[in-house]
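Engineer: sequence below, structure please.
(one chain, ligands or ions: 1)
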Amino acid sequence: MLLLTIPRILELAEELCMPLAAVKYSRGMFIFPGAQPAPHRSFSEEVDVLNRYFGHLKSGGNAYVIGDPAKPGQKWHIYYATEQPEQPMVTLEMCMTGLDKKKASVFFKTQADGHVSCAKEMTKLSGISDIIPEMEVCDFDFEPCGYSMNAINGSAVSTIHVTPEDGFSYASYEVMGMDASALAYGDIVKRVLRCFGPSEFSVAVTIFGGRGHAATWGKKLEAEAYDCNNVVEQELPCGGVLIYQSFAANEEVAVSAGSPRSVFHCFEAESVQSHPLVKEGKLANLLAWRAEEDSLEEGAVLCE
Ligand SMILES: C[S@@+](CC[C@H](N)C(=O)[O-])C[C@H]1O[C@@H](n2cnc3c(N)ncnc32)[C@H](O)[C@@H]1O
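Structural biologist: Just a heads-up that it's a prediction; the model follows:
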């Protein structure tokens, strides 16, 4: 449904006298592709819609599906068109599945003890407020569960969406426009992983303006407790580059949990939520989660 909003967004931009400069649409794999309504039934259907609105830009419409052909469950889709060379800019997009159950439970409004939680409390308890503490956060909680937030700090913007339901849990994180030399790529990813404890995740870093200004963000990511199973670099028009990597919780952790690695394939029908690592929070422990009581000062009132 997302692409159906394009005409309204263009209308609002015109009202604000903001000319169209560039467009980027990107996504991973749908967990339930068969449940997607038009125009999201296939990437080519999405590209047709995007080209109708943006194909006339100077670069033309450019569509890519990237990933290791041997791993059809892990692909990244990107559409990009631009009217002019881009300003130097770094964007990070993370997709996480198989969220740690305890971490995911923070995003349910009614807790096991009957406590009714609000978005502000979820932001604090999950650790989201610590990812980039300077960000001003506008958060929203869904009934009976789910969470979304948008955040801003100067030219930097960030967004998070969480689906915590067992069996198809998912969280996305995106940040762009930050001072790439002031924040370390690995630190941000680690803070995001601590919020959700996924069994699998992908990162896509888009760099415009050359790797020189992108500092740590132009390098390959290494994530403690996870194995990288896919690395692809894709050049984009106007000197842009996209670096995509996907990760699964590593063999060592899986073996110590007494479980075969195969259970981590979250895009298959089986549920990663039943994985012993997810159930027992072992993955969470390995990533050194802070104790929950540390993340909220005693007596602090977050929900009014
Ligand atoms: C965070 S919202 C999705 C936001 C947005 N579609 C995204 O992913 O970018 C998804 C979560 O909210 C819950 N939810 C509750 N009411 C909803 C609604 N009216 N629309 C979408 N999600 C809702 C879903 O069950 C799910 O856990």
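Engineer: tell me the pLDDT of Gly212.
Structural biologist: Per-residue pLDDT puts Gly212 at 89.
Engineer: ignore the last one, Ala184
Structural biologist: In this prediction Ala184 is given a pLDDT of 96.
Engineer: and if you look at the one 3 residues further on?
Structural biologist: The model reports Asp187 with a pLDDT of 97.
Engineer: what about the host helix or strand of it and the ligand, touching?
Structural biologist: Per DSSP states H and E, Asp187 falls inside helix 185-196. No - Helix 185-196 does not reach the ligand (C-beta under 6 Å from any ligand atom); its nearest approach is 12.8 Å. The way it works is simple: take the backbone N, C-alpha and C, and place the C-beta from them, glycine included.
Engineer: ok, the closest residue to Gly28 other than its chain neighbours to Glu143 distance?
Structural biologist: Nearest residue to Gly28 in three dimensions, chain neighbours excluded: Cys95, at 4.4 Å (C-beta to C-beta, 6 or more residues apart in numbering). Distance of Cys95 to Glu143, computed by C-beta to C-beta, to the nearest Å: 24 Å.
Engineer: same check on Gly61?
Structural biologist: 39 Å.
Engineer: between those two, point out the one with more neighbours.
Structural biologist: Gly61 (19 against 7; other C-beta atoms under 10 Å).
Engineer: just give me the neighbour total for whichever residue of the chain sits closest to the ligand.
Structural biologist: Proximity of the chain to the ligand (C-beta to the nearest ligand atom) peaks at Gly146, 2.1 Å away. Neighbours of Gly146 under the rule other C-beta under 10 Å: 17.
Engineer: now swap in Ile9 and tell me
Structural biologist: Neighbourhood size, Ile9 [other C-beta under 10 Å]: 11.
Engineer: please apply the same query to the one 4 residues further on.
Structural biologist: The local packing count at Ala13 equals 13, with neighbours defined by other C-beta under 10 Å.
Engineer: repeat for Ala63
Structural biologist: 17.
Engineer: list the contacts of the one helix or strand it maps to.
Structural biologist: Per DSSP H and E, Ala63 falls inside strand 62-66. The contact list for strand 62-66, computed with C-beta atoms under 8 Å, 6 or more residues apart in numbering, reads 43, 47, 50, 75-81, 232, 234, 236-237, 242, 244.
Engineer: wait, what's in contact with Trp164?
Structural biologist: Careful, residue 164 is Pro; it's not Trp. 99, 104-108, 145-147.
Engineer: mind putting those residues into CSV with distance to Thr163 and pLDDT?
Structural biologist: Formatted as CSV, these follow (distance: C-beta to C-beta, whole Å; pLDDT from 0 to 100):
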residue, distance to Thr163, pLDDT
Leu99, 9, 97
Ala104, 9, 97
Ser105, 13, 97
Val106, 13, 97
Phe107, 8, 98
Phe108, 11, 98
Cys145, 8, 98
Gly146, 6, 98
Tyr147, 9, 98
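Engineer: so of those residues, which ones are in helices?
Structural biologist: Among the contacts of Pro164, the members falling in helices (DSSP state H) are 104-105.
Engineer: out of the contacts of Pro164, who's the most crowded?
Structural biologist: Per-residue neighbour counts (other C-beta under 10 Å) across the contacts of Pro164 peak at Leu99, which has 29 neighbours.
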